[in-house]
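Student: here is a sequence together with a model predicted from it:
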Amino acid sequence: MQLERPTVLLSSLAEPVAWRPFTAGLVAGVANVLVGHPLDTLKVRLQVASRSRRRHSLRLAGLFSGASGPLVTSPWLAAANFGCWDLARVELTTRWPQSFARDLDLLRPGRCPEAASSSSAVFLAGVASGWLLCNVTCPVHNLKVQQQTSSGDARPGHWMIVRRIGLRGLFRGY
């Protein structure tokens, strides 16, 4: 008795789905905040604390202080980063295949188009995506550090920080 192979259309499996990179970015952004924010808060507090106050900075309570903002925004920024990178990579690979496709045979229907991108297409897509998003993230990170380093229970609001350091101050370190 001969078993029959299931027939699956390879072209339907190989079609790129535009929402996948954005979804992967959302998941990566949530994981980044849950793991990275407490470590970042600890690092900033240790950098600005005097030696006598460093013991108090090492308490676990308060390490998620200020995490609600990044938890709301960071996943969307990561999704935009992953999505912009994928769109730029696919555009480079399909528009200029002689320059940015690893193998032109991989661009045929039924093949995996993700495998067709050359390392130069991946690199340039990363440069484009990173440049676009750093114009948003630099001021946001500066505001976060200003809030993390403020002392006392009354944390300054965003507009108070902008009035104090100015709009150009938001891009310091860019």
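Tutor: Perfect, thanks for sending it.
Student: ok, now which ones touch the most centrally placed residue in the chain?
Tutor: Centrality entry for the chain: nearest residue to the mean C-alpha point is Ala78, 3.0 Å, by C-alpha atoms, centre = their mean. By C-beta atoms under 8 Å, 6 or more residues apart in numbering, the contact set of Ala78 is Gly25, Leu26, Ala28, Gly29, Asn32. Any C-beta I mention is one placed from the backbone N, CA and C, and that applies to glycine too.
Student: let's see it at 6 Å
Tutor: Taking C-beta atoms under 6 Å, 6 or more residues apart in numbering, we find Ala78 in contact with Gly25, Ala28, Gly29.
Student: what pLDDT does the model give it?
Tutor: Here the pLDDT value assigned to Ala78 is 93.
Student: ok, now the one 5 residues further on?
Tutor: pLDDT, the model's per-residue confidence, is 95 for Gly83.
Student: now it: closest residue in space, sequence neighbours ignored.
Tutor: Phe22 (4.3 Å; C-beta to C-beta, 6 or more residues apart in numbering).
Student: that neighbour and Val33, how far apart?
Tutor: 17 Å (C-beta to C-beta, to the nearest Å).
Student: those two: which has the busier surroundings?
Tutor: Per other C-beta atoms under 10 Å, whichever of Phe22 and Val33 has more neighbours is Val33, with 22 against 19.
Student: the more buried one and Thr73 touch, don't they?
Tutor: No. Assessed by C-beta atoms under 6 Å, Val33 is found out of contact with Thr73, at 9.0 Å.
Student: what is the burial count for the nearest residue to Phe82 once chain neighbours are set aside?
Tutor: Nearest residue to Phe82, sequence neighbours excluded (C-beta to C-beta, 6+ apart): Gly25, at 3.3 Å. Look at Gly25: counted by other C-beta under 10 Å, it has 24 neighbours.
Student: contacting residues for Gly25?
Tutor: Ala78, Ala79, Asn81, Phe82.
Student: which of the three states applies to the third one?
Tutor: So the one you mean is Asn81. The three-state label given to Asn81 by DSSP: H, G, I helix; E, B strand; the rest coil is helix.
Student: that one contacts Trp131, doesn't it?
Tutor: No. In this structure, Asn81 is not within contact of Trp131 by C-beta under 6 Å, at 10.9 Å.
Student: ok, the two, which is more surrounded?
Tutor: Asn81 (23 against 10).
Student: pull the helix or strand with minimum mean pLDDT from the chain.
Tutor: Lowest mean confidence among the helices and strands of the chain (mean pLDDT, DSSP states H and E): helix 10-14, at a mean of 40.
Student: where do the helices sit along this structure?
Tutor: 10-14, 19-48, 54-57, 68-95, 97-100, 119-149, 158-170 (DSSP state H).
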